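>>> Using only what follows, build the 3D model:
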Amino acid sequence: MTDPRTYLERFFEGTLADVGGCVRCRNAQAWHGELRMAFQPIVDMAQQEVFAFEALVRGPAGEPAGAVLAKVTDDQLYGFDQTCRVLAIDTAQRLGLRSRLSINFLPNAVYEPQTCIRLTLAAAHKVGFDPYRLVFEMTETEKIRDPNHALSIVRDYQSRGFLTAIDDFGAGYSGLNLLADFQPQLVKLDMALVRDIDRHPARQAIVAGVMGTCAALGVQVVAEGVETRAEYEQLRTMGLTLFQGYLVARPALEALPEPDWAALA
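Residues are numbered from 1 along each chain as shown. So this is what the prediction gives:
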């Protein structure tokens with residue numbers, strides 16, 4: 001017989017109220033759909049090592065993230081966000097991940113940072129995953145309803161020792177204002193800026209400007225969506241050392257793919 005409980009209820013072997021959380025968390029609509037996680041490495045070429053693996057949500061049959069997210073309603077945001085966090089930690093630990101784990105989070109799905117983080121920490125404790133290896137990526141493509149609230153989330157996470165990142169930088173709603181307000185430890189360039197950068201002077205100038213701004217703020221820059229050797233070499237020439245994309249390794253469903261170090265030599 002199919003277990004009627006949600007993934008979170010099964011994982012924590014009881015009610016979520018036992019784990020703790022604010023009243024809004026406990027009253028939020030649960031996520032009943034089945035999800036899986038794929039992983040893609042981010043490499044540090046200065047250290048010649050894997051910097052982190054990003055967890056990427058997939059459907060039960062491996063459906064892409066866009067197809068999964070299209071089914072999430074506003075009422076389900078909290079339950080979906082929490083399910084993705086716990087599933088990412090659970091799966092990463094089962095696969096034996098020893099580097100950092102980068103998790104995407106939805107600022108609009110976090111009610112109170114201090115209480116909404118409890119399921120994440122409880123999941124890490126339950127499976128024996130070091131929470132200080134977590135990186136929280138906030139995507140710029142989600143319109144932030146309350147910037148002050150989003151800032152409080154980032155500050156709370158940073159105060160706990162977590163790394164934070166702005167994902168898809170350059171493709172979303174707030175641009176440099178988001179960087180000025182939040183000042184994360186990492187900025188991930190959107191792949192639209194990376195694509196064909198080796199033969200696109202305007203993109204080279206924009207990326208150089210972002211790199212200069214981030215350097216002044218003490219923020220590291222990640223080039224994501226790197227697909228060709230020419231793109232990689234151009235970005236390396238410009239001083240980037242953190243890379244993610246098909247040239248490094250394609251995402252693998254419930255597996256930790258080995259980077260193609262030969263392609264990056």
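>>> What segments of the stretch 51-200 of the chain are strands?
For the stretch 51-200 of the chain, strands defined by DSSP state E, counting those that start in this stretch occupy the ranges 100-105, 134-139, 163-169, 186-189.
>>> Include mean neighbour count when you put those into a markdown table, please.
From N, CA and C alone the C-beta is placed, and that goes for glycine too. Output for these, formatted as a markdown table (neighbours: other CB atoms under 10 Å):
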| stretch | mean neighbour count |
| --- | --- |
| strand 100-105 | 24 |
| strand 134-139 | 23 |
| strand 163-169 | 24 |
| strand 186-189 | 26 |
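>>> Could I get those in TSV, plus columns for mean pLDDT and distance to residue 117?
Formatted as TSV, the strands of the stretch 51-200 of the chain follow (pLDDT from 0 to 100; distance: least, CB to CB, whole Å):
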stretch	mean pLDDT	distance to residue 117
strand 100-105	95	10
strand 134-139	90	10
strand 163-169	91	13
strand 186-189	94	19
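>>> possible to save those strands as a markdown table with distance to residue 146?
As requested, those are exported to a markdown table (distance: least, CB to CB, whole Å):
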| stretch | distance to residue 146 |
| --- | --- |
| strand 100-105 | 15 |
| strand 134-139 | 13 |
| strand 163-169 | 17 |
| strand 186-189 | 21 |
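>>> out of the ones you listed, nearest to residue 255?
strand 100-105 (14.2 Å; CB to CB).
>>> Alpha carbons of the closest one, as CSV, please.
The C-alpha coordinates for strand 100-105 follow below in CSV (Å, rounded to 0.1, in the frame of the first residue of the first chain):
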residue,chain,number,x,y,z
ARG,A,100,30.3,21.7,0.2
LEU,A,101,26.6,21.2,-0.8
SER,A,102,24.9,24.1,-2.6
ILE,A,103,21.2,24.3,-2.1
ASN,A,104,18.8,26.7,-3.9
PHE,A,105,16.3,28.4,-1.6
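>>> and it with strand 134-139, angle?
40 degrees (axes from the mean of the first three to the mean of the last three CA atoms, to 10 degrees).
>>> In the sheet, which strands lie alongside strand 100-105, parallel or antiparallel?
strand 49-58 (parallel), strand 134-139 (parallel) (DSSP bridges).
>>> what's in contact with it?
Residues from elsewhere that reach strand 100-105 (CB atoms under 8 Å, 6 or more residues apart in numbering): 42, 51-57, 81, 84-85, 88-89, 92, 129, 133-139, 163, 165, 167.
>>> Please name whichever of the strands paired with strand 100-105 is nearest to residue 99.
Going by CB to CB, the one of those nearest residue 99 is strand 49-58, 4.8 Å.
>>> Next, the angle from that closest one to strand 163-169.
Interaxial angle of strand 49-58 relative to strand 163-169 (the same axes, to 10 degrees): 60 degrees.
>>> and residue 179, what pLDDT?
If you check residue 179, the pLDDT there is 84.
>>> For it, give me its contacts.
By CB under 8 Å, 6+ apart, the residues touching residue 179 are 166, 169, 187, 213, 214, 217, 219.
>>> Tell me the spatial nearest neighbour of the second one, not counting adjacent residues.
In this case it means residue 169. Distances taken as CB to CB, 6 or more residues apart in numbering place residue 187 nearest to residue 169, at 4.8 Å, with adjacent residues excluded.
>>> out of the strands paired with strand 100-105, which comes closest to residue 178?
Nearest of the strands paired with strand 100-105 (CB to CB): strand 134-139, 8.4 Å.
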